[in-house]
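Participant: quick one, fold the following:
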Amino acid sequence: MREAITAAMKDAMKSGDKVRVGALRLINAAFKDRDIEARGAGKEKATDDELLALLQKMIKQRDESAKIYEANGRAELAAQERAEIAVIQNYLPKQMDEAETRAAIQGVIAETGASSVKDMGKVMGALKEKYAGQMDFGRANGVVKDLLS
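Facilitator: Residues are numbered from 1 along each chain as shown. Now for the predicted structure:
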């Protein structure tokens, strides 16, 4: 993934796509920060799962910022945030839709033997392990709660 982002940044620089270059530089900087944090924890580099989680966090932050900008009448800043989201999403695996999410959750509930809301942590942990980068865990949380209630 790192190599793909570096190559994409070179291509964007050659084509003069400033929005794409800026977003890819932000991604690279975030990856380097995460690698430094990992070295402090005794690891060589951040894992791909950690990087996927980081990309999801970046998308969530930009989405929240765009909503705030739109609410305050700053459409140009909201558009910039949305453009960065589009660039970041190119490096995430395909996101599961509602039906796929529900089916995956039901499968994990069956695998873990979860039977009540007390088992929610176990189910969410298994989901994050299996579907990192593919599932919106904020939405999944509500579905898990509904199915275990």
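Participant: helices or strands up against the helix or strand where Thr101 lies?
Facilitator: If you go by DSSP states H and E, Thr101 is part of helix 98-112. Judged by 3 or more C-beta pairs under 8 Å, 6 or more residues apart in numbering; DSSP states H and E, helix 98-112 is in contact with helix 120-130, helix 137-148. Using the backbone N, CA and C atoms, a C-beta is placed for each residue, glycine as well.
Participant: contacting residues around Met58?
Facilitator: Neighbouring residues of Met58 by C-beta atoms under 8 Å, 6 or more residues apart in numbering: Leu26, Ile27, Ala30, Ile88.
Participant: relative to helix 137-148, how tilted is the helix holding Thr101?
Facilitator: Orientation of helix 98-112 against helix 137-148 (axes from the mean of the first three to the mean of the last three C-alpha atoms, to 10 degrees) gives an angle of 60 degrees.
Participant: quick one, domains of the protein?
Facilitator: Using automatic domain parsing, the domain parsing of the chain gives 2-89, 98-148.
Participant: many thanks, have a good one.
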